[in-house]
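[1] This is a predicted model, with the sequence first.
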Amino acid sequence: MAAARLRNRIGAIVSRGGRPDLAGDAIDQVNAPTLFVIGGNDFGVIELNQDAFARLREPKAIEIVPGASHLFSEPGAIEQVTDHAARWFARYLTPMAPGAGSKAGQRHAVQR
């Protein structure tokens, strides 16, 4: 819902085992590149993410971590999530130098 409200101020989204169905109609307003990462054993949530995915604009992707549950507590599962997220953010966000202002039309990752 925040991405729908903030529109162009959101550079990219990664949802880890999320419930995008709870965003309701706001999902149709999201224009940031969106990645859903879902556990392969998170039955029910997979389908909810697939339904929301169908409503999103491009670019978008779904990554399913085989054998992972909702919390990704299985050995190596959370590392797969972070790898997917890191690649997504590297692809869609450009670093912003400390103290630099955002330029219109560019999406940045804030370095902290």
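    Now that the structure is in, tell me what you want to look at. Numbering: from 1, shown residues only.

[2] Please tell me how far Leu6 sits from Asn31.
    As judged by CB to CB, to the nearest Å, Leu6 and Asn31 stand 10 Å apart. Quick note: C-beta positions are derived from backbone N, CA and C, even for glycine.

[3] Looking at these two, which has the bigger crowd around it?
    Asn31 (14 against 11; other CB atoms under 10 Å).

[4] Is that one in a helix, a strand, or coil?
    Using DSSP: H, G, I helix; E, B strand; the rest coil, the structure places Asn31 in coil.

[5] Please name the nearest non-neighbouring residue to it.
    Once flanking residues are discounted, Asn31 sits nearest to Arg57: 5.7 Å by CB to CB, 6 or more residues apart in numbering.

[6] now the protein, which segments are flagged as low pLDDT?
    Residues of the chain that meet the criterion pLDDT under 70 lie in 97, 99-112.

[7] Now with 80, please.
    Scanning the chain for pLDDT under 80 picks out 96-112.
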